[in-house]
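> need coordinates for the following:
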Amino acid sequence: MGRGPRYRVPFRRRREGRTDYRKRKAMILSGIPRLVVRGSLKHMSAQIITATSVGDRTLLAASSKELKRFGWEVPCGNLPAAYLTGFLLGEKVKASQIEHSILDIGLRGATRGARPFAALKGILDAEFEVPHGEAVLPEDARCTGLHIAAFAARLAQSDPEAYERRFAKYFSAGVRPEKLPEYVQQVKTNVMERLKVGD
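Purely as a prediction, here's the structure:
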């Protein structure tokens with residue numbers, strides 16, 4: 001704990017490691033809505049947020065939980081789910097007056113190809129403008145879950161029991177993990193078609 005007459009206690013959210021006020025101030029002063037991407041072990045969320053004098057206002061939002069409406073029945077915390085969450089938000093934006101935003105990943109470290117950048121790639125594929133560097137985006141194959149499908153195929157050959165345990169939720173949903181890329185594409189198509197008709 002700091003001491004002395006000039007010491008000032010940091011804001012609570014700074015002490016808790018939840019907000020970097022310098023970065024937040026810079027983003028707010030830009031006047032551009034923020035694309036706020038957050039994730040837990042089981043879910044992802046993406047929101048378009050603007051700052052007002054009385055607090056943040058959420059303009060649009062998408063959650064990996066919503067993907068069930070479009071046929072997604074497998075775990076929602078992986079990279080393909082993050083990509084589809086971003087794509088879902090991007091499709092929602094098309095019906096709004098929002099033209100662009102800036103990415104806000106909070107205090108999370110910017111790891112290339114991580115889930116926040118998979119969500120960013122999803123919203124970019126929906127043709128929404130967000131300034132970014134191409135190097136941080138995951139490859140298309142990872143966004144479609146090809147790496148998960150390849151791992152499942154190897155595990156099925158080397159350890160069938162572990163394969164059954166590891167992908168039990170996929171099997172209960174009637175999805176073969178080896179077919180995940182096709183499944184991701186089908187859900188993506190469902191998002192485009194249903195939002196196009198105003199679902």
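> now Leu60: which helix or strand?
Here Leu60 sits within strand 55-63, counting by DSSP states H and E.
> other SSEs contacting the helix or strand following that strand?
Next in sequence after strand 55-63, counting helices and strands by DSSP H and E, comes helix 79-93. In terms of contacts (3 or more Cβ pairs under 8 Å, 6 or more residues apart in numbering; DSSP states H and E), helix 79-93 is packed against strand 34-39, strand 44-52, strand 55-63, helix 115-125, helix 140-143, helix 180-196. From N, CA and C alone the C-beta is placed, and that goes for glycine too.
> sorry, back to before: quick one: average pLDDT of the strand holding Leu60?
Strand 55-63 comes out with an average pLDDT of 95.
> got the buried residues for the helix or strand in which Ala153 is found?
Secondary structure from DSSP H and E places Ala153 in helix 146-158. Residues Leu146, His147, Ile148, Ala149, Phe151, Ala152, Leu155, Ala156 are the ones in helix 146-158 that count as buried (16 or more other Cβ atoms under 10 Å).
> my guess is Lys188 contacts Leu84. True?
Yes: in this structure, Lys188 is within contact of Leu84 by Cβ atoms under 8 Å, at 6.4 Å.
> these two: which has the busier surroundings?
Leu84 (29 against 24; other Cβ atoms under 10 Å).
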